[in-house]
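> Sharing a model that was predicted from the sequence below.
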Amino acid sequence: MHVEYYVFEKSNQQQAYLGLCQLIEKWYQEQLKIAILCSSTQDMQLLDQLLWTFNDQSFIPHAALAEQEPIAPVCLCLDSTTLPEVDVIINLSNIALTSSKPARILVEIVFAEQSMQQLARERYKQYRELGYQLKTIRR
């Protein structure tokens, strides 16, 4: 699997999520199906709101996914076991997705906060040990 780490070094979580929305928009325009694994209901609600409002010139169809089939090109999930088969999985949780459904790209978002960076480093080590292809992109 190919893992891309997007490092938002000088951004708080809100700013990083706006950057993430831009990435999601790019992938959506490329007609890729996307699943976002959120770490909490609060994060899911924040991302849901941002996907509606971050760009007044475009629209990204998205929906929260419980256990039903995905109904939109972008699905917001809270449980890794309900991730649909997609092209891109965005992992906003604190766990490494080592047994998730296959995707072309697994995306990890790294915030400026030190504790979040440490968790991201631990996931990076796990992915490296599993032989995943790793790429870091600084924003």
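Structure's in. What do you need? Just so you know, these numbers come straight off a predicted model, no measurement behind them.

> So which bits of stretch 122-131 are buried?
Residues 123-124, 127 are the ones in stretch 122-131 that count as buried (16 or more other Cβ atoms under 10 Å). Heads up, the C-betas are built off the backbone N, CA and C, glycines and all.

> could these go into TSV alongside pLDDT?
Supplementary listing: the buried residues of stretch 122-131 in TSV, determined by pLDDT from 0 to 100:
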residue	pLDDT
R123	96
Y124	97
Y127	95
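
> Could you list which of those residues belong to helices?
Judged by DSSP state H, helices contain the following of the buried residues of stretch 122-131: 123-124, 127.

> Between those, which sits nearest V7?
Taking Cβ to Cβ as the measure, V7 sits nearest to Y124 out of these, at 10.7 Å.

> Go through the buried residues of stretch 122-131 and say which is closest to L51.
Using Cβ to Cβ, the shortest approach to L51 within the buried residues of stretch 122-131 belongs to R123, at 24.0 Å.

> Low-confidence stretches in the protein?
Across the chain, the ranges flagged by pLDDT under 70 are 66-70, 100-101.

> returning to what we had before: tabulate the buried residues of stretch 122-131 in TSV, adding columns for distance to F111.
What follows is these, written out as TSV (distance: Cβ to Cβ, whole Å):
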residue	distance to F111
R123	13
Y124	14
Y127	18
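
> Among those, which one sits closest to E85?
Nearest to E85 among the buried residues of stretch 122-131 is Y127, at 19.8 Å by Cβ to Cβ.
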